[in-house]
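> Predicted model and sequence follow; I will ask about them next.
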Amino acid sequence: MLTKAKKYQFLFEELVKRDFKKKYKRTVLGMLWSLLAPLLNVLILLVIFKHLFGRTQEHFIIYIFSGTVIFSFYTECTQGCMRALMANASIFTKINVPKYLFLFSKAIQAFINFALTIVLYFAFCLFDGIKFGPHMLSLVYPMVTSLGLCVGIGMILSALYVFFKDIEYLYSVFLTLLNYVSAIFYPVTIVPEKFQKLFYLNPVYVYIKYFRIVAIDGFVPSWQIHALCAFYAVLFLAIGCFIYWKYNKEFLYYV
Amino acid sequence: MAVIDCKNVSIRYKVGDLTSVGLKDYIIQKIKGNYKVTEFWADKNVSFTLEKGDMLGIIGENGAGKSTLLKAVTGIMIPTEGSVSARGNIAALLELASGFDPELTVRENTYLRGALLGYTREFMDEKYDEIIKFAELEDFQEYMFKQLSSGMKSRLAFSIACLVNPDIIILDEVLSVGDEGFKEKSARKIKGILASGVTGILVSHSVQQVRDLCNKCLWLDHGKQIAFGPTYEICNAYSAFLFTPKAERKLPENMEEIKEVSERFRIAWRIGIKEKISPEEFDYEIPQNETETQRIQRLMGIVDKMSFEERQAYAQDEKIIMREE
């Protein structure tokens, strides 16, 4: 396992480098977009929803930012992974390399973007008078577990994408839906109390909730939230790995 | 111990299932009742073994299943039936120029391809200059890949792939890359690699190349294995097959038939040589401006009419044998 990891380390680095270079190729602002895009995103939501929900929710800007930072990572990562396999079809039909590496490279790229956005997130926290403390370090946990979730879902999607190209369209519709049910720009209190628990069925919401508890409420969340974060990550990773283990040699026939 | 062992390898493609016809056609065909997934065997029951130092040439017309078989050997595909085992580290040169990234520079692509082929960064750092030099791309290192000519692309691919010291080398139509100068250089390089005792497989449309480089030969036709064995006889039989008009072609059934056809082809070939070196010995006018196919067919026709003794005489004519060599 370790020798295998060592063997593919160089390839993995080169793939990440390639994906990074290609992403910002021929843009004037380049990497700056990693910060600018989420910033604009937050500002738009803030302007639109401030008067609607901003009065009841303290630190509303951080509330929204917690939502968008997770959601845009989720979107970028899963969509990137979904297309990564097909985009590299010309390589894996000629050279025997592990196909999951193409996905991992996309995921890492999205994760680096995510980390950059987190820097911006902290800048906003500072600006909004959020109390900083050691509990902030616990945010590493939802970041890592959400990466697991995204890779897992990305693996499932990329395999489906090989067999059914329609998934691309279906999934973008699904993402719009997900955006609305993840309580990104509204407080969960707008739905009746007995339904509020249902939000926890949505993995994306769980990670958002974690961020909000740490940043806005100012403490490390309960063990239940931790367990839920890990559960979703492990569940989807397991399904993704199973699909790859079972079908990765079939992909070739459909590209 | 066999280095490569293919046992009854069969590879099946599916044609026309739901994902390839689309939902609309799928439903229409279902209703009409003519929905059918056709199976297509790219290879059927192919078996061969190679020992260390063997060089196998795979011959056959387009669509014979040559490239698919190579994919099974490299592990890109898993055979539907049968098994392939390959011992050692494989360097596969399949359809070289594809799989590069047009938006990256030559340097970046070189490193990426190196990584894909399983080299280490240290190895690439060490060999980079050598690769660029061999590909004759010193002045193009910072060019974007899409700005190169297709010859340059193939040259680069060839150079990267050839710099390893693999246990097994797999070459799919790669010796026809670049201009004449580069072709010669790459042929020399390949011969150097082969001389170092690797085991190899070569797919080529040039029978001459297979004769030059291979000691074993596999003839495939529409996925079926026609023969596996010594290069000389099989290449002769294959050439004779190719020069026969399509309607009259007949695939040999076994090694005996191949040997028989090969012998006739050899004699036809020798008559051809004799016609060239001493036309005065023939009592007929040697046709000018005939195509290669016409010529071989005419010569094979002459051989068919010859008696056993006449054939023997040709087989032992030293003047011709010398010329042939």
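That came through, no problem. Numbering: from 1, shown residues only, chains lettered A, B, ... in the order given.
> rest of the way, CA atoms for contacts and neighbours
Will do.
> Chain A contacts on chain B?
Applying CA under 8 Å from any CA of the partner chain, one finds that chain B approaches chain A through B:13-14, B:19, B:71, B:74-78, B:92, B:94-95, B:98-100, B:103-104, B:108, B:111-112, B:115-118, B:120-121.
> one more time with 7 Å, if that's ok
Within chain B, the positions adjacent to chain A are B:13, B:19, B:74-78, B:94, B:98-99, B:112, B:115-116, B:118, B:120-121 by CA under 7 Å from any CA of the partner chain.
> Give me the subset of those lying in helices.
B:Thr19, B:Thr74, B:Leu112, B:Ala115, B:Leu116, B:Arg121 (DSSP state H).
> could those residues go into JSON lines alongside pLDDT and neighbour count?
Written out in JSON lines, the entries for those read as follows (pLDDT from 0 to 100; neighbours: other CA atoms under 10 Å in any protein chain shown):
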{"residue": "B:Thr19", "pLDDT": "66", "neighbour count": "15"}
{"residue": "B:Thr74", "pLDDT": "86", "neighbour count": "23"}
{"residue": "B:Leu112", "pLDDT": "88", "neighbour count": "25"}
{"residue": "B:Ala115", "pLDDT": "86", "neighbour count": "24"}
{"residue": "B:Leu116", "pLDDT": "84", "neighbour count": "22"}
{"residue": "B:Arg121", "pLDDT": "87", "neighbour count": "17"}
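> Verify the stated contact: A:Arg83 with A:Ser158.
Yes. The pair A:Arg83 / A:Ser158 is scored as a contact, 6.2 Å apart, by CA atoms under 7 Å.
> more neighbours, those two?
For A:Arg83 against A:Ser158, the residue with the higher neighbour count under other CA atoms under 10 Å in any protein chain shown is A:Ser158, and the figures read 28 against 21.
> Now find how far off-centre the helix or strand where the more buried one lies is within its chain.
Assigned by DSSP states H and E, A:Ser158 belongs to helix A:140-163. In terms of CA atoms, centre = their mean, to the nearest Å, the centre of helix A:140-163 is set 8 Å apart from its chain centre.
> same check, this time on stretch B:2-19
Using CA atoms, centre = their mean, the offset of stretch B:2-19 from its chain centre is 19 Å.
> Check stretch B:51-64 too.
Centroid separation between stretch B:51-64 and its chain, computed with CA atoms, centre = their mean, is 6 Å.
> Buried ones in it, by neighbour count?
The neighbour-count criterion (16 or more other CA atoms under 10 Å in any protein chain shown) identifies B:Lys52, B:Gly53, B:Asp54, B:Met55, B:Leu56, B:Gly57, B:Ile58, B:Ile59, B:Gly60, B:Ala64 as the buried residues of stretch B:51-64.
> all helices of the chain, in order?
With no chain named, the answer covers chain A. With helices called from DSSP H, chain A shows them at A:2-23, A:33-53, A:60-87, A:89-92, A:100-127, A:140-163, A:167-181, A:193-196, A:203-212, A:223-247.
> oops, I was thinking of chain B
B:18-32, B:66-74, B:106-116, B:121-135, B:150-162, B:180-195, B:207-213, B:231-243, B:255-277, B:292-305, B:308-316, B:318-324.
> what does the third one rub up against?
What that stands for is helix B:106-116. Where contact means CA atoms under 7 Å, 6 or more residues apart in numbering or on different chains, the residues beyond helix B:106-116 that reach it are A:10-11, A:14, A:97, B:100-101, B:124, B:141-145, B:160.
> Which among the residues you listed count as buried?
A:Phe10, A:Leu11, A:Glu14, A:Val97, B:Phe100, B:Asp101, B:Met124, B:Met144, B:Phe145, B:Ile160.
> how about these in CSV, adding distance to A:Val188 and pLDDT?
CSV is the format used below for the buried ones among the contacts of helix B:106-116 (distance: CA to CA, whole Å; pLDDT from 0 to 100):
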residue, distance to A:Val188, pLDDT
A:Phe10, 45, 87
A:Leu11, 44, 87
A:Glu14, 43, 88
A:Val97, 45, 85
B:Phe100, 49, 84
B:Asp101, 46, 84
B:Met124, 55, 87
B:Met144, 51, 88
B:Phe145, 52, 86
B:Ile160, 58, 84
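> Dump those to TSV, plus distance to B:Met152.
Below are these laid out as TSV (distance: CA to CA, whole Å):
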residue	distance to B:Met152
A:Phe10	25
A:Leu11	23
A:Glu14	22
A:Val97	25
B:Phe100	12
B:Asp101	14
B:Met124	20
B:Met144	12
B:Phe145	9
B:Ile160	12
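> Tell me which residue is most central in the chain.
All of this refers to chain A. Within chain A, one residue has its C-alpha closest to the average C-alpha position: by CA atoms, centre = their mean, that is A:Tyr74, at 2.4 Å.
> if you could check chain B rather than the one you did, that'd help
Ranked by distance to the mean C-alpha position of chain B (CA atoms, centre = their mean), the top residue is B:Val203 at 1.6 Å.
> Beta-bridge partners for it, please?
Note on B:Val203: beta-bridge partners B:Ile58, B:Asp172, judged by DSSP bridges.
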